[in-house]
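Engineer: Test case, fold it:
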Amino acid sequence: MFLDGSIIIPTIAGLPLNLTAKGTSSLHLKSKTKINLGEFLTNGKASVEAELYPSATLKVSGVMSVDAFVTKTGLKSITKVHTSTFIGGSIDIQGTKLAKVQIKIPKEKLEIFDATVEFFTYKSGHFKELGTYQKLENIDLCTPKSLTDVFGLEACGRVSYHHGRNKGDPSWVFAGPSKAQLVFRKMDEFDNLIFKYTWTVNDKNQAKGILNDIHFIYDTPGSSVNRKTIASVKYDDHNTYFDVDLIVPAKNIKLGFKYDWKPDKKRITADISIDNTDILRLTQSILKQRNKYEGVSRLVYYDSEIVNWFGTLYSKSGKYSLDANLLSKFHDKIKISGDVTKLKSEDKIKIVGKIISSYLNMDMSSNCRISENVYSVKGNADYQIFNGKSNRIDLAGKISKTAQGELETHNVYLDCNLSQFPQLRSKIEWEMQTSPGFINNDGKVTVGETEWLVEQQTKSFATPEDQELLLKFRIAAPSRDREYSFLFHHTATMDDNFNKLSVKLNKDLWFDIYAKHEYNLSPYKYFVEGGLRYPTRDLKGKLNISE
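Structural biologist: Residues are numbered from 1 along each chain as shown. This is a model prediction of the structure:
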């Protein structure tokens, strides 16, 4: 007994109120152990075998009573916590590279925790269990079936309590008796759980470096279901190889991820398989051989091949050749082939290619020039859509760059003509100039008979003496009588400043507004001017005071 006490309190009715509390506890432990630590400090080997049968009970009771000598009444509460379980097994350790844990589970059910709270009332010379009209609530929780199938164990908890029905009733503490329980149950015929961990190091292949192989194994020997779950991790010390695998036979699940990235072999694979069905399988690989590269890109989803692209790139002196095949669930086979040949001139190359499929056939040829400041291309392509009439695309383009001090100028020219749609012949002429705090774009885009002009300029700088900010944008199609523009300009010096805002949406919807201010002490001058201009109106105002 760890608690025994009482308090008697006089009441206004002249009858004593007796408060009594008692607490008892019991603990029982039965054990068998065998420990071997003789080689632990020298080579890290150790073994431990143990069987523990612990049980414990804790009981606390409280009584509140009033004795009127002729009659007696009172309330009593009893709280009880009990545990009775079994812990047994063995541990074998060999340094940091090997460990095996075996846990014995001889019982079908292990009572981890059991607690009750009960209430009694004193009647007819003894205490009787107190009933309640409050609502009984039960909460039952168990581990998900998927975890139970994998580990062969089920953990369940149950909580029972009473909840007040009306406002002002106790929420649950004093609403009525309550219970709580936590148990583990075996869901199959086995007596042991085995956890095994191994870490091996292989340094026999110097080219690959040191290969680390880490394995985790969980098993329930003797069970009717194969639960030998294996998780493994392999990696090298060069950070070029990484392999992860997980096998869960109880649910027929296999997960894998492999990363192998070496100069002559680059490969990434990932797969998820459930019930012998490929839920997801992804393969990306590039294999380098003498004068060629082989590439594969494959995606499988629920045993259906979504993408299967594979091809070979051949490399010879001054020439690259491609032969590729694209297969997919969403399209028929597409075959792509082509050559890139370097011509005698160092900066010129020739590109030819072919696409063959059920909905597009194309033959293309082009000549390109690539230098430090110029890239140009001129070529054509003959194509057929769904084996229809043959059409032609002519393409010419050029990109150049020049520099003068901090000012860089980029010019872009592109001309595209489709024989199938001559009315959509398109041309782009663009010039961009950049320097610190300055960007200017002037462009012309032509589609058929329509020509669009684009102007954009940004300027910004600030010094202790003056500053300027310019934001300008304009787009216009003269043939369609359309123009859109925006302008904001701000300048300031020690003696004056100027601000202007201009917006134009069409020829009948536009406005300009500006304000100018000048100030000088010797000779004295104070000048202010402002204006507003919009269709049919031009308003100005100014004030000038000077000596």
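
Engineer: so what's the residue nearest to L27 when sequence neighbours are not counted up against?
Structural biologist: Counting by C-beta to C-beta, 6 or more residues apart in numbering, the nearest residue to L27 once its immediate chain neighbours are dropped is A56, at 4.8 Å. For every residue, glycine as well, the C-beta is placed using N, CA and C. Applying C-beta atoms under 8 Å, 6 or more residues apart in numbering, we find A56 in contact with 25-28, 82-84.

Engineer: Please convert those to a markdown table, extending it with distance to N166, neighbour count and secondary structure.
Structural biologist: Formatted as a markdown table, those follow (distance: C-beta to C-beta, whole Å; neighbours: other C-beta atoms under 10 Å; DSSP: H, G, I helix; E, B strand; the rest coil):
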| residue | distance to N166 | neighbour count | secondary structure |
| --- | --- | --- | --- |
| S25 | 38 | 13 | strand |
| S26 | 40 | 10 | strand |
| L27 | 43 | 10 | strand |
| H28 | 45 | 10 | strand |
| H82 | 34 | 16 | strand |
| T83 | 36 | 17 | strand |
| S84 | 39 | 15 | strand |
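
Engineer: quick one: the residue nearest to L27 is in a strand?
Structural biologist: Yes: assessed by DSSP: H, G, I helix; E, B strand; the rest coil, A56 belongs to a strand.

Engineer: Give me the pLDDT value at G157.
Structural biologist: You'll see G157 listed with a pLDDT of 92.

Engineer: Secondary structure element for T148, which one?
Structural biologist: T148 belongs to helix 145-151 when assigned by DSSP states H and E.

Engineer: And the contacts of the next helix or strand along the chain from that helix?
Structural biologist: Once the chain leaves helix 145-151, the next helix or strand it forms, by DSSP H and E, is strand 153-163. When contacts are defined by C-beta under 8 Å, 6+ apart, strand 153-163 is touched by residues 105, 132, 134-143, 148, 171-172, 175-187, 193.

Engineer: Would you indicate which residues of strand 153-163 are buried?
Structural biologist: Residues of strand 153-163 classed as buried by neighbour count (16 or more other C-beta atoms under 10 Å): 153-155, 159-162.

Engineer: now the next helix or strand after that strand, how far from the chain's geometric center?
Structural biologist: Next along the chain after strand 153-163, taking DSSP H and E as the criterion, comes strand 178-186. Computed by C-alpha atoms, centre = their mean, to the nearest Å, the chain-centroid distance of strand 178-186 equals 38 Å.

Engineer: coming back round to it: what's the mean pLDDT across the helix holding T148?
Structural biologist: 90.

Engineer: sorry, back to before: export the contacts of A56 to a markdown table and append columns for pLDDT and distance to M1.
Structural biologist: As requested, the contacts of A56 are exported to a markdown table (pLDDT from 0 to 100; distance: C-beta to C-beta, whole Å):
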| residue | pLDDT | distance to M1 |
| --- | --- | --- |
| S25 | 90 | 8 |
| S26 | 89 | 10 |
| L27 | 87 | 13 |
| H28 | 85 | 16 |
| H82 | 89 | 17 |
| T83 | 87 | 19 |
| S84 | 80 | 21 |
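
Engineer: returning to that earlier point: export the helix holding T148 to CSV, keeping only CA atoms.
Structural biologist: Extracted C-alpha coordinates of helix 145-151, given in CSV (Å, rounded to 0.1, in the frame of the first residue of the first chain):
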residue,chain,number,x,y,z
LYS,A,145,-5.1,-4.6,-42.4
SER,A,146,-2.2,-3.9,-44.8
LEU,A,147,0.2,-3.6,-41.8
THR,A,148,-1.3,-6.6,-40.1
ASP,A,149,-0.8,-8.7,-43.2
VAL,A,150,2.8,-7.6,-43.6
PHE,A,151,3.9,-8.1,-39.9
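
Engineer: So what sits opposite G74 in the bridge?
Structural biologist: S65 (DSSP bridges).

Engineer: Need the per-residue pLDDT for it.
Structural biologist: Looking at G74, the pLDDT reads 86.

Engineer: Okay, and the beta partners of D219?
Structural biologist: Applying DSSP bridges, one finds that D219 bridges with I194.

Engineer: beta partners of G443?
Structural biologist: Applying DSSP bridges, one finds that G443 bridges with W430, V454.

Engineer: That one and L453 touch, don't they?
Structural biologist: Yes: between G443 and L453 there is a contact under C-beta atoms under 8 Å: 7.4 Å.

Engineer: quick one: the helices in this structure?
Structural biologist: Taking DSSP state H, the helices of the chain run over residues 40-43, 145-151.

Engineer: Pick the most buried one from those.
Structural biologist: Ranked by mean neighbour count under mean count of other C-beta atoms under 10 Å, those are led by helix 145-151, which reaches a mean of 15.

Engineer: what sits against the nearest residue to H489 once chain neighbours are set aside?
Structural biologist: In this structure, H489 finds its nearest non-sequential neighbour in K500, 4.6 Å apart by C-beta to C-beta, 6+ apart. Listed by C-beta under 8 Å, 6+ apart, the contact set of K500 reads 487-490, 512-515.

Engineer: Go again with 7 Å.
Structural biologist: By C-beta atoms under 7 Å, 6 or more residues apart in numbering, the contact list for K500 reads 487, 489, 514.

Engineer: out of those, which one sits closest to K316?
Structural biologist: L487 (57.3 Å; C-beta to C-beta).

Engineer: Test my guess that the closest one contacts S502.
Structural biologist: Yes: contact criterion C-beta atoms under 7 Å: L487 and S502 qualify, at 4.1 Å.

Engineer: how much space between the residue nearest to T143 when sequence neighbours are not counted and F2?
Structural biologist: Spatially, and ignoring its direct neighbours in sequence, T143 is nearest to A155 (4.9 Å; C-beta to C-beta, 6+ apart). Distance of A155 to F2, computed by C-beta to C-beta, to the nearest Å: 31 Å.

Engineer: what does V48 give?
Structural biologist: 33 Å.

Engineer: Likewise for I194?
Structural biologist: Relative to F2, and taking C-beta to C-beta, I194 is found at 41 Å.

Engineer: out of those two, which sits in the busier spot?
Structural biologist: I194 (18 against 9; other C-beta atoms under 10 Å).

Engineer: how close does that one sit to K100?
Structural biologist: Distance, I194 to K100, by C-beta to C-beta: 7 Å.

Engineer: T11 now?
Structural biologist: 67 Å.
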